[in-house]
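Asker: sequence first, predicted coordinates after that:
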Amino acid sequence: MSDAEPAIGKRMARAGLWMILQRVAWRGAGLATTIILARLLVPEDFGLVAVATTIFGVVDALSHFGFNQALIRNQNAGRDEYDTAWTLSIARGVVSGGGIALCAGFAADFFEDPRLYDVMLVLAALCFVRGLQNIGVIDFHKQLWFGQDLKFRLIARAGYFVAAVILGLAWHSYWALIAGICAEFVLLTVLSYVMHDYRPRLSLRAWREILGFSKWYLASNVIAFFNDRSDYFVVSKLVGLEILGFYTVARQVSTLASIAITEPTTQPLFAGFAKIADNRPLLADMYLKALSMLAMVGIPMVVGVICTADLLVGILFGAGWQAAVPFVEILALYGLARITFGSASRALMAMGKLKTNTVLEAIQLAVLLPLLLWGVNANGAHGAAWAVVAAAAIRSILNISVLSRVLQLRLTDLVSAIWRTAAAALAMASTVLVMRFYLPPAETLLSQAGQLTVVVAVAAACYGAVLLALWALSGFPNSSERHLMTMLRQGAGQMAAFRGR
């Protein structure tokens with residue numbers, strides 16, 4: 001075993017935990033905002049903002065060269081590289097903002113909603129604001145200082161929550177959602193200079209190196225965006241903004257568990273994998289451990305969302321949003337696929353195989369688009385949801401197959417990393433479904449909350465017991481279960497020491 005493994009593995013684990021905390025809190029604030037505004041706005045308002053932010057995302061993706069990722073991958077980057085990345089970010093903000101402004105009129109005509117014009121002009125201005133953000137904060141990711149990044153992101157997210165809720169109460173308008181986005185963007189830019197002492201200067205000295213890395217990242221990112229948001233375009237145009245409102249809220253709920261696990265770990269995984277990219281055996285071992293840990297935490301959360309979708313929607317949004325329940329149940333499977341292919345993508349990127357990632361993204365999109373059109377024509381927005389799940393499942397299989405070939409991983413290596421988790425999650429799902437079959441229907445908010453509490457407690461106990469039993473039967477291998485137990489003991493020790501002060 002290399003001496004680098006314990007140090008890098010521990011730093012990646014700590015960074016991952018910080019990022020999971022950040023993403024859970026970040027997503028939690030967003031969900032809390034949605035819960036409150038769902039009682040102040042109508043589904044069409046959420047659909048309108050979803051369309052505007054999707055168009056914003058298209059233009060943004062077309063100009064997203066991955067300057068930050070280039071700095072992370074280059075372990076020797078200095079002032080020239082940092083200043084060049086900052087200068088290019090400003091240029092990107094000007095170009096993408098202008099592009100969004102030019103698209104405003106066309107979007108309003110295409111979706112036959114004049115409100116889109118003014119909304120998109122506001123979002124265009126935010127591109128320039130974001131481009132001014134201090135490039136120095138990339139060190140929070142590059143050096144795995146994710147405690148600082150947690151503060152940085154959460155303060156800005158708090159601004160989003162406060163602005164959106166206060167103005168939602170005052171206006172009862174979709175503009176409350178836009179105001180929240182504006183508050184978050186402005187705070188991120190201001191805080192980037194408050195929380196990091198680097199002061200960038202205009203420079204293009206290292207433009208060849210930065211753009212040399214970024215060309216494939218740009219292509220991959222553009223395709224990835226359409227993989228993630230094509231369903232919004234199709235549903236909004238062919239089904240309508242009201243249904244898109246239900247669909248959007250459902251997707252936020254259904255992917256909360258999986259994204260709270262996968263998104264926070266992408267940067268620590270990329271940064272950690274990049275440090276050992278030249279050592280393929282070590283990288284293979286670290287990838288399997290990452291996959292095992294992600295699956296152990298993420299899969300039961302996704303299964304739990306599927307089994308309790310009706311209770312979650314009823315408690316969070318009320319009876320008027322029950323049309324979102326089927327979408328939650330379907331799209332949770334999309335989150336399950338993200339758990340498996342996300343870490344593989346980061347490993348490929350760390351090895352410099354951006355072209356491979358781009359090809360895989362393109363295959364997913366080529367599968368997704370015809371499935372979306374067929375699914376919507378056959379079964380409306382529910383068909384779109386199933387199309388998203390099918391394309392993501394195919395992408396997951398391809399990602400793992402390619403990475404396994406590069407790192408010379410066997411099928412048995414992959415199975416051994418996740419089989420205990422899968423079996424425990426299956427036992428948990430069976431227990432919950434049987435339990436819910438015999439429980440009486442929950443009609444009131446209080447009864448729904450009480451039933452969800454009981455179900456979650458039983459599900460957690462069942463999953464934990466089966467997982468530990470299977471680990472014991474396997475001979476207590478040095479796996480993610482052992483790593484989790486170690487972290488729990490350390491956390492308990494730290495809590496006890498803190499209370500004893």
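Answerer: Perfect, thanks for sending it. Residues are numbered from 1 along each chain as shown.
Asker: when you work out contacts or count neighbours from here on, use the C-alpha atoms and nothing else.
Answerer: Will do.
Asker: distance of residue 206 from residue 95?
Answerer: Going from residue 206 to residue 95 by Cα to Cα, to the nearest Å gives 20 Å.
Asker: please apply the same query to residue 478.
Answerer: The value you get for residue 478 to residue 95, if Cα to Cα is used, is 51 Å.
Asker: compare these two (neighbour count), which wins?
Answerer: In terms of neighbours (other Cα atoms under 10 Å), residue 95 is the more surrounded of residue 478 and residue 95; the figures are 18 against 10.
Asker: what about the more buried one, which SS state?
Answerer: Following DSSP: H, G, I helix; E, B strand; the rest coil, the label given to residue 95 is helix.
Asker: residue 303 against residue 430, yeah?
Answerer: No - counting by Cα atoms under 8 Å, residue 303 does not reach residue 430; the two are 10.3 Å apart.
Asker: and after the helix or strand harbouring residue 392, which helix or strand comes next?
Answerer: Taking DSSP states H and E as the definition, residue 392 sits inside helix 354-407. Using DSSP H and E, the helix or strand that follows helix 354-407 towards the C-terminus is helix 411-438.
Asker: quick check: buried residues in that next one?
Answerer: Neighbour-count burial for helix 411-438 flags 414, 417-422, 424-429, 431-432 (criterion: 16 or more other Cα atoms under 10 Å).
Asker: pretty sure residue 246 contacts residue 321?
Answerer: Yes - using Cα under 8 Å, residue 246 makes contact with residue 321 at a distance of 7.0 Å.
Asker: what's the closest non-adjacent residue to residue 303?
Answerer: Ranked by Cα to Cα, 6 or more residues apart in numbering and with sequence neighbours excluded, the top spatial neighbour of residue 303 is residue 429, at 6.6 Å.
Asker: check contacts around the one you found.
Answerer: Applying Cα atoms under 8 Å, 6 or more residues apart in numbering to residue 429 gives the contacts 303-304, 307, 459.
Asker: which one of those is nearest to residue 352?
Answerer: In terms of Cα to Cα, no member of those lies closer to residue 352 than residue 303, at 33.9 Å.
Asker: could you point out which element follows the helix or strand that closest one falls within?
Answerer: Residue 303 belongs to helix 280-307 when elements are defined using DSSP H and E. Under the assignment DSSP H and E, the closest C-terminal helix or strand after helix 280-307 is helix 309-317.
Asker: so which residues make contact with that next one?
Answerer: 35, 38-39, 305, 321-322, 324-325, 328-329, 445, 448-449, 452.
Asker: of these, grab the buried ones for PyMOL.
Answerer: Applying 16+ other Cα under 10 Å to the contacts of helix 309-317, the buried members can be selected in PyMOL as follows:
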select buried, resi 35+38+39+305+321+322+324+325+328+329+448+449+452
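Asker: give me the subset of the contacts of helix 309-317 lying in strands.
Answerer: Residues of these located in strands (DSSP state E): none.
Asker: okay if I get the contacts of helix 309-317 as a markdown table plus distance to residue 107?
Answerer: A markdown table is the format used below for these (distance: Cα to Cα, whole Å):
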| residue | distance to residue 107 |
| --- | --- |
| 35 | 28 |
| 38 | 25 |
| 39 | 28 |
| 305 | 35 |
| 321 | 27 |
| 322 | 30 |
| 324 | 26 |
| 325 | 30 |
| 328 | 28 |
| 329 | 31 |
| 445 | 40 |
| 448 | 41 |
| 449 | 41 |
| 452 | 42 |
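Asker: closest to residue 185 out of the contacts of helix 309-317?
Answerer: Taking the contacts of helix 309-317 together and measuring to residue 185 by Cα to Cα, the closest member is residue 35, at 21.5 Å.
Asker: separation between that closest one and residue 249?
Answerer: Residue 35 is 9 Å from residue 249, where distance means Cα to Cα.
Asker: go on, residue 413?
Answerer: 37 Å.
Asker: how about residue 464?
Answerer: For residue 464, the distance to residue 249 - Cα to Cα - is 30 Å.
Asker: of the two, who's got more company?
Answerer: Legend: neighbour count by other Cα under 10 Å for residue 464 and residue 249, higher for residue 249 (25 against 16).
Asker: which SS state does that one fall under?
Answerer: Under three-state DSSP, residue 249 falls in the helix class.
Asker: contacting residues around it?
Answerer: 34, 46, 324.
Asker: how many residues are close by residue 187?
Answerer: Neighbours of residue 187 (other Cα under 10 Å): 21.
Asker: please look at it and residue 159 and confirm they touch.
Answerer: Yes - in this structure, residue 187 is within contact of residue 159 by Cα under 8 Å, at 7.3 Å.
Asker: how far away is residue 399 from residue 139?
Answerer: Taking Cα to Cα, one finds residue 399 at 29 Å from residue 139.
Asker: check residue 469 too.
Answerer: 41 Å.
Asker: settle it for me: which of the two has more neighbours?
Answerer: residue 139 (18 against 14).
Asker: what about the more buried one, helix or strand, and which?
Answerer: Counting by DSSP H and E, residue 139 is part of helix 139-142.
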